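*Asks:* What shape does this take:
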Amino acid sequence: MAEDREKNGDTEQSTDMTEHTGSSEQNSVREDEYEKVCFMCRRPESKAGKMISLPGGINICTECMQKSFDTMNNGNINYNDMLNNMPNISMVDLSSLQNQIPKKQRVKKKEEKQTPKKEFSIKDIPPPHVIKARLDEYVIGQEHAKKVMAVAVYNHYKRVFAPSSDDVEIQKSNMLMIGPTGSGKTYLVQTLARLLDVPLAITDATSLTEAGYIGDDIESVVSKLLAAADNDVERAEHGIIFIDEIDKIAKKKNTNQRDVSGEAVQQGMLKLLEGSDIEVPVGANSKNAMVPLTTINTRNILFICGGAFPDLPDIIKERLNKQASIGFQADLKDKYDEDKDILSKVTLEDLRVFGMVPEFLGRLPIVFTLQPLTEEMLVEILKEPKNAILKQYKRLLELDEVKLEFEDDALRAIAKKALEKDTGARALRAIIEEFMLDIMYEIPKDDSIGEVLITREYIEHTGGPRIFLRGQGIPLIGSENGKN
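*Replies:* Prediction:
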């Protein structure tokens, strides 16, 4: 028995050793996936060049090593005094300092060219009609905007992956979309990036200031794209950056102070939009001495800017009303007051008056507008898209084996309430969450309930929903409107 225990113990010990060895091998493989980082300047190997490896897992680039030697050789250093006054650092584990770089701040190595890699060709780019058809599955209406985006994205990626030609140089087609709040600007870009399987970074222009005085600096938008691409520089250089609330960086009027959050941000973004090499921090939004940097070329990054431009309709009306004059052919001053689609008449001059710099507008050659949502569009948004709100609630009640239905009049009542809030499609979920709260709370209490019908009276708070018993198809006794 003792011999068996000894054999079993040896077996267990060998198993533990095998597991430990296997885990160490896995860790070494994972470590090999990331670039070495200089212990002194924190630059990765792709940026600083070949590293000199020292004992304890410490890596130093040749530039920092040379600077250290130059400092020791050129400086008037009394080495005897330095050795006598040097503190005891024998207990300091320098290798632990080297390994303190978080994983999210480490750059993955680029794949070697010898390894076979599937190249993305022009044939892999979906044609515009396919892109628009996929957008139709998720976004209701906005036909013109979807067509413009499909063509612009198709031409952009043809430009990126087409073979270079000395005769013709295709310029980048950055976009500026103008539309009221809740009209689907952000949702269009999210759906587009998911369709093309490219990294997407969504940022808010309100947090940007020149050189990061308060908030983020301009180059932080590129660092967000690098994070979305899992620190893969090559993939990030083919991504999409969506800058929302772009109207908030308009040039401030009647101010003599330095406009660090308005015109200065527009001027600073010119090089990003046109295409240049940008040094961005890896795994952080701001540059500091302890964060490694990498270089990203923005020449092939598609920039899409969006904003509601709240005062723009008044600027357009003022320009159009200048045509009014005395006589029989004069236009009425209130001719365009009831025009819901006034934004479609926007010109670059209107945007310049709003406060956008001409150089900035010149780097956004494609300008298009989104229509305000109508009652019919809101009803379709409720039930048509793949991830429609009503489909989500129907699925939730299906898990309780309860059928959920909506009357057409109820959907129109929801759409009217959403129009009154004037916040676009965002108002739909808030309204539905309000009247579905009691239903989602009460239904699981009673296993006999089989179907719930949402009525117009329930939406308008003049009645209640119709509740039917399971398998009988008749209203539950005691429920409102059960008389029918």
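
*Asks:* what's the burial count for the residue lying closest to residue 39 once chain neighbours are set aside?
*Replies:* Nearest in space to residue 39, with sequence neighbours left out and distances taken as CB to CB, 6 or more residues apart in numbering, is residue 58 at 5.0 Å. No exception for glycine: its C-beta is placed from N, CA and C like everyone else's. Counted with other CB atoms under 10 Å, residues neighbouring residue 58 total 18.

*Asks:* wouldn't residue 58 be in contact with residue 40 here?
*Replies:* No: in this structure residue 58 lies outside contact range of residue 40 using CB atoms under 8 Å: 9.6 Å.

*Asks:* the domain parsing of the protein - what is it?
*Replies:* Listed by automatic domain parsing, the domain ranges of the chain are 19-101, 122-369, 375-469.

*Asks:* pLDDT averaged over the last one, what's the number?
*Replies:* Across domain 375-469, pLDDT averages out at 87.

*Asks:* Between the two ends of that domain, what distance do you get?
*Replies:* Its start and end residues considered, domain 375-469 measures 33 Å (CA to CA, to the nearest Å).

*Asks:* How about the secondary structure of the residue nearest to residue 423 when sequence neighbours are not counted?
*Replies:* Using CB to CB, 6+ apart and skipping the chain neighbours, the partner closest in space to residue 423 is residue 182 (5.1 Å). Recorded secondary structure, residue 182: coil (DSSP: H, G, I helix; E, B strand; the rest coil).

*Asks:* related to what we said a few turns ago, could you identify which of the domains of the chain has the lowest mean pLDDT?
*Replies:* Taking the mean pLDDT of the domains of the chain, domain 19-101 comes last: a mean of 66.

*Asks:* one step back: identify the residues contacting the residue nearest to residue 423.
*Replies:* Residues counted as contacts of residue 182 (CB atoms under 8 Å, 6 or more residues apart in numbering) are 373, 423, 424, 425, 426, 427.

*Asks:* Now the helix or strand containing residue 467: buried residues?
*Replies:* Applying DSSP states H and E as the criterion places residue 467 in strand 466-469. Across strand 466-469, burial judged by 16 or more other CB atoms under 10 Å covers 466, 467, 468, 469.

*Asks:* What is the neighbour count of the closest residue to the third one other than its chain neighbours?
*Replies:* Leaving out its chain neighbours, the residue that sits closest to residue 468 by CB to CB, 6+ apart is residue 451, at 4.1 Å. For residue 451, the number of neighbouring residues by other CB under 10 Å comes to 19.

*Asks:* With residue 267 instead?
*Replies:* A count of nearby residues for residue 267, using other CB under 10 Å, gives 15.

*Asks:* Next up, phi/psi of it, please.
*Replies:* The phi/psi pair for residue 267 (degrees, to the nearest 10) reads phi -60, psi -40.

*Asks:* how much space between the nearest residue to it once chain neighbours are set aside and residue 262?
*Replies:* Closest residue in space to residue 267, ignoring its immediate chain neighbours: residue 357 at 6.7 Å, by CB to CB, 6+ apart. Here residue 357 is placed at a distance of 9 Å from residue 262 (CB to CB, to the nearest Å).

*Asks:* which residues are in contact with both of these two?
*Replies:* With CB under 8 Å, 6+ apart, residue 357 and residue 262 have common neighbours residue 251.

*Asks:* that older thread, for the residue nearest to residue 423, give me the backbone phi and psi.
*Replies:* phi 80, psi 10.

*Asks:* Against residue 274, how distant is it?
*Replies:* 32 Å.

*Asks:* mind listing what residue 272 touches?
*Replies:* Contacts of residue 272 (CB under 8 Å, 6+ apart): 218, 219, 221, 222, 278, 298, 303.

*Asks:* Of these - the most surrounded one?
*Replies:* residue 221 (27 neighbours).

*Asks:* Please, which helix or strand holds it?
*Replies:* Residue 221 is part of helix 220-228 when elements are defined by DSSP H and E.

*Asks:* How about residue 168?
*Replies:* Using DSSP H and E, no helix or strand contains residue 168.

*Asks:* Distance check, residue 200 against residue 240.
*Replies:* In this view, residue 200 and residue 240 are 5 Å apart by CB to CB.

*Asks:* what residues do those two have in common as contacts?
*Replies:* Joint contacts of residue 200 and residue 240 (CB under 8 Å, 6+ apart) are 189, 193.

*Asks:* So if I had to pick from those two, which one is more boxed in?
*Replies:* Remark: of residue 200 and residue 240, residue 240 carries more neighbours, 23 against 20, as counted by other CB under 10 Å.
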